[in-house]
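> I need the structure of the sequence given here:
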Amino acid sequence: MTAEEAKAGVIEDLEMLKVSIEKYATGLAEVTPTLVADLTKAIHELSDHVASVARRVQAIEDSQPKWTTHGWLPPPGGEIPPG
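Below is the predicted model:
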């Protein structure tokens, strides 16, 4: 699967989740075990995608010097003397 195909799959999943939630929230869908199962599956898939993105961001941050991503430490050799 290419990156574009994966992206299209995620977008489709999000659109399906949006439609499911709108039907549920507006009362257009009768609450059935199938609806609850579909909504639960969609939410789990969405949370899996969010967790994957969080892991990727964390890996990027962990591979960079702290001062470039976190803003707390000065760059090497750039310490400000006290006082």
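> residue boundaries of the helices in this structure?
Assigned by DSSP state H, the chain shows helices spanning 3-26, 33-62, 66-69.
> any weak-confidence spans in the chain?
Judged by pLDDT under 70, the chain has its weakly predicted residues at 1, 29, 65-83.
> the same query, at a cut-off of 90, please.
1-54, 56-83 (pLDDT under 90).
> center of it - which residue?
Of all residues in the chain, the one closest to the mean position by Cα atoms, centre = their mean is V50, 2.4 Å from it.
> residues contacting stretch 47-59, please?
10, 13 (Cβ atoms under 8 Å, 6 or more residues apart in numbering). For every residue, glycine as well, the C-beta is placed using N, CA and C.
> make it 6 Å
The contact list for stretch 47-59 (Cβ atoms under 6 Å, 6 or more residues apart in numbering) reads V10.
> residues in contact with A42?
Neighbouring residues of A42 by Cβ under 6 Å, 6+ apart: 17, 20.
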